[in-house]
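In: this is the structure alone, sequence omitted:
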């Protein structure tokens, strides 16, 4: 099986949830024999990235890549220039380079990352050319319209709306295989594909590389005891405000306890920093910023508790937090809110501690329960690891997805 993947950026450079999910999917497929060829439309985001990866190369024997756009952007303004002022030129350059690369080459699937530039590439190159009969595969891990909740300017909102239109009007009516992270998403997107007789849906929950959390060395950089959070600084998406307020309620009971926050600084970043600064426990609330992917296992493994106070938002109802898989893989106890499909996999005080969403008192009480009963918490952490092994193991998922895609080719 040969798969052509159209992506914006190199998922082996970035450390976010989307990159982790795509790495897990592609590595799982490659491990079981799929040949994966990646095209990156967004160019290089730093000189370091260019020096490390070059224009083309291989991740391993079954995963290769090409930067169809070779621009190097070293700043946020440079990325904005490419995104908003030069999109037509960059798009045409990508079309030309990808077409030349794929001519006279055999492949079975075109796999699109759900981004506007990837949709446009399909529309320009694959929909109207010699590649038009190739099977189209798409992965959806959230409601696309929630992106406007995180827009910071009108241009972002404008692009998000065009992206949603491309998805519903151009892509979904032509998809052969649609991979969704939750059953909720599958139900929602089916209404856009009711006239597409060729589409099949495949439910692929969040994926995690369990091997990342084995043989992890301790690190004196993080002062114990501590609880840890990884994610974003968003209040509406991840509930970082609930986390800080909950920590304040337990800090007097556990006087040596620290809270480490490894968060991508986004729309509520300023408000988050204000909450920390105003807290009487500000010296015990440590904001780490975004940390490198390879450092996450060390942070998580050393924690007393891993926390995720996600609110009951539309995003939570449709998606499933990738970081939850990493939490569970660490074998440490997890405190998470009852939102979306999380309760379908986790049981309170059996495989995790479940609190009510947007409820500071509930979250704080759950933390106190876990931190006061370490033996019980230890067992719950081990049970959480078993859930990750059964449902979220990228190797197991890769084998099952590979077999499924093979059947669609017959």
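Out: Now that the structure is in, tell me what you want to look at. What you see is a predicted model, and the numbers here were worked out from it, not measured in a lab. Numbers count the residues shown, from 1 in each chain.

In: what is whichever strand or helix holds residue 65 packed up against?
Out: Using DSSP states H and E, residue 65 sits within strand 63-67. Using 3 or more C-beta pairs under 8 Å, 6 or more residues apart in numbering; DSSP states H and E as the contact test, the elements touching strand 63-67 are helix 17-31, strand 35-40, strand 56-60, helix 87-102. Every C-beta, even on glycine, is put in place using the N, C-alpha and C of the backbone.

In: if we go to 10 Å?
Out: The helices and strands touching strand 63-67, judged by 3 or more C-beta pairs under 10 Å, 6 or more residues apart in numbering; DSSP states H and E, are strand 2-7, helix 17-31, strand 35-40, helix 47-53, strand 56-60, helix 87-102.

In: return the set of buried residues in it.
Out: Within strand 63-67, the residues that count as buried by 16 or more other C-beta atoms under 10 Å are 63, 65, 66, 67.

In: out of the residues you listed, who's nearest residue 341?
Out: Closest approach to residue 341 among those (C-beta to C-beta): residue 63, at 29.5 Å.

In: which residues does residue 329 contact?
Out: By C-beta atoms under 10 Å, 6 or more residues apart in numbering, the contact set of residue 329 is 208-214, 297, 300-301, 384-385, 387-389, 392-393.

In: can you pull the phi/psi pair for residue 391?
Out: Dihedral pair for residue 391: phi -110, psi -30, per degrees, to the nearest 10.

In: how about residue 8?
Out: With angles defined as degrees, to the nearest 10, residue 8 sits at phi -80, psi -60.

In: verify the stated contact: it with residue 67.
Out: No: applying C-beta atoms under 10 Å as the test, residue 8 and residue 67 come out as separate, 11.3 Å apart.

In: quick check: neighbours shared by those two?
Out: Here residue 8 and residue 67 have 39, 40, 41, 42, 43 as joint contacts, going by C-beta under 10 Å, 6+ apart.

In: mean pLDDT and distance to residue 251 added to the helices and strands packed on strand 63-67, as a markdown table?
Out: Formatted as a markdown table, the helices and strands packed on strand 63-67 follow (pLDDT from 0 to 100; distance: least, C-beta to C-beta, whole Å):
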| stretch | mean pLDDT | distance to residue 251 |
| --- | --- | --- |
| strand 2-7 | 96 | 42 |
| helix 17-31 | 90 | 28 |
| strand 35-40 | 97 | 44 |
| helix 47-53 | 94 | 39 |
| strand 56-60 | 95 | 44 |
| helix 87-102 | 89 | 48 |
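
In: which of those sits closest to residue 276?
Out: Per C-beta to C-beta, nearest to residue 276 of the helices and strands packed on strand 63-67: helix 17-31, 23.0 Å.

In: how many neighbours does residue 90 have?
Out: 19 (other C-beta atoms under 10 Å).

In: ok, the residue nearest to it when sequence neighbours are not counted - contacts?
Out: Leaving out its chain neighbours, the residue that sits closest to residue 90 by C-beta to C-beta, 6 or more residues apart in numbering is residue 69, at 5.6 Å. Contacts of residue 69 were listed using C-beta under 10 Å, 6+ apart, and they are 8, 39-44, 55, 82, 89-91, 93-94, 97-98, 117.

In: sec struct for residue 69, please.
Out: coil (DSSP: H, G, I helix; E, B strand; the rest coil).

In: care to break the protein down by domain?
Out: 2-207+394-408, 210-391 (automatic domain parsing).

In: run the chain-centre distance for the longest one.
Out: The chain centre lies 13 Å from the centre of domain 2-207+394-408; the measure is C-alpha atoms, centre = their mean, to the nearest Å.

In: one more: stretch 204-218?
Out: How far stretch 204-218 lies from its chain's middle: 14 Å, per C-alpha atoms, centre = their mean.

In: stretch 242-252: which residues count as buried?
Out: Buried, per 16+ other C-beta under 10 Å, within stretch 242-252: 242, 243, 244, 245, 246, 247, 248, 250, 251.

In: again with stretch 346-363
Out: In stretch 346-363, counting by 16+ other C-beta under 10 Å, buried: 346, 349, 351-360, 362-363.

In: which of these sit farthest apart?
Out: 351 and 360 (23.6 Å).
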